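K.L.:
build me a structure from this.
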Amino acid sequence: MIGIYGDSFADLNPAETHDRKKEILPWALWLGEFLNSDIQCHARSGTSLWFSYTQFLQTYKNYDTIVFCYTNYMRWNGLSENYKSLSNIRHIEDVKYLPVHEQEKAKFLVQAFEFMYNDDLNKFIYQQIFQEVNKLCKQSNITLINLFPFENTKFYDNLSKSPLLNLQDTHGLCLTGLLEISVKESESSKKLHERLNTKNDVRHCHINSFNNKSLANIIVDNIHTTNYIKLPNLDCFQYDDIYLNHTFNYD
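P.N.:
Residues are numbered from 1 along each chain as shown. This is a model prediction of the structure:
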């Protein structure tokens, strides 16, 4: 069985369209199909590294394969249970797509961020979580895929000199730069770019249907390695609007 941990880059988003016949599936479901394995997803959009880690500690021994998706290390790691999905709120532009009843709380987080954020502390948490996840999976003989959407991307100045992590104790495959694939899709599609200016992103895991399947194939092809792969450097991703039709039709 495969366990999935992380944020919206790993969340199955069950409220959105899942259509196997039209090949509109998040990468995790493709992975389960390719490996002929059941999937249990613990990922939750908008959450922090600490949330993913606590979910991992509670359940990791249930799985023989794990994909741990490391969210942006700058997120709030200490929010209470009721507000974990607001862990990504740092700037006022992060507030506009939230439900009205959550916006006041989110605006408070924006104001507090300047006073409470400690970059060194968050980097320490990031490193420790990475080391513990890899160590525990190694001790339990669990196949591990480390997925880093925000590493090796040109969109975050403090992440551009990647890796931030000491990868000496890596137990499994490392994949970086998924955010760059996501952004390139919007840069390549006027329709998607316009939609993202006014509405939430409803692409599965922030990438189109073709690229979700491609990501699953990359994982399968490298699953028993400790390769360090920069996803934007590969030529297997596509950026045509044809793979976004379900997104444009989404209300």
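K.L.:
low-confidence stretches in this protein?
P.N.:
The model of the chain has pLDDT under 70 over residues 14-18, 20-21, 153-163, 197-198, 246-251.
K.L.:
quick one, helices of the stretch 1-150 of the chain?
P.N.:
Under the criterion DSSP state H, counting those that start in this stretch, helices of the stretch 1-150 of the chain are mapped to 27-34, 49-59, 100-116, 119-139.
K.L.:
let me know which of those is tucked in deepest.
P.N.:
Mean neighbours per residue, mean count of other Cβ atoms under 10 Å, is largest over the helices of the stretch 1-150 of the chain for helix 27-34, with a mean of 21. Backbone N, C-alpha and C define where each C-beta goes, glycine included.
K.L.:
tell me how far the spatially most distant residue from the centre of the chain lies from Lys123.
P.N.:
Centroid-distance maximum for the chain: Phe115 at 26.7 Å, with Cα atoms, centre = their mean. Distance, Phe115 to Lys123, using Cβ to Cβ, to the nearest Å: 19 Å.
K.L.:
Tyr53 now?
P.N.:
According to Cβ to Cβ, Tyr53 and Lys123 sit 15 Å apart.
K.L.:
Asn72 too?
P.N.:
Counting by Cβ to Cβ, the separation of Asn72 from Lys123 is 12 Å.
K.L.:
before we move on, what about Gln168?
P.N.:
Counting by Cβ to Cβ, the gap from Gln168 to Lys123 is 16 Å.
K.L.:
now Gln58
P.N.:
For Gln58, the distance to Lys123 - Cβ to Cβ - is 25 Å.
K.L.:
ditto for Asn227
P.N.:
In terms of Cβ to Cβ, Asn227 sits 24 Å off from Lys123.
K.L.:
Leu57 too?
P.N.:
From Leu57 to Lys123 the distance is 21 Å (Cβ to Cβ).
K.L.:
again with Arg203
P.N.:
Per Cβ to Cβ, Arg203 is found 29 Å from Lys123.
K.L.:
isn't Tyr117 right next to Tyr73, touching?
P.N.:
No - here Tyr117 does not reach Tyr73: they are 11.2 Å apart, not a contact under Cβ atoms under 8 Å.
K.L.:
the more surrounded of those two?
P.N.:
Neighbour count, other Cβ atoms under 10 Å: between Tyr117 and Tyr73, Tyr73 has more, with 25 against 13.
K.L.:
list the contacts for that one?
P.N.:
49, 122-123, 125-126, 150, 164 (Cβ atoms under 8 Å, 6 or more residues apart in numbering).
K.L.:
likewise Thr170?
P.N.:
134, 146, 226, 228 are the contacts of Thr170 under Cβ under 8 Å, 6+ apart.
K.L.:
the last one: neighbour count?
P.N.:
Meaning Tyr228. A count of neighbours around Tyr228, defined by other Cβ under 10 Å, yields 15.
K.L.:
tell me how far the nearest residue to it once chain neighbours are set aside lies from Phe148.
P.N.:
Distances taken as Cβ to Cβ, 6 or more residues apart in numbering put Cys174 closest to Tyr228, at 4.7 Å, once the chain neighbours are dropped. Plainly put, Cys174 is 7 Å away from Phe148 if you go by Cβ to Cβ.
K.L.:
over to Lys138?
P.N.:
Noted for Lys138: a distance of 18 Å to Phe148, by Cβ to Cβ.
K.L.:
next: Asp94.
P.N.:
From Asp94 to Phe148 the distance is 21 Å (Cβ to Cβ).
K.L.:
more neighbours: those two, which one.
P.N.:
More crowded of Asp94 and Phe148, by other Cβ under 10 Å: Phe148, with 29 against 17.
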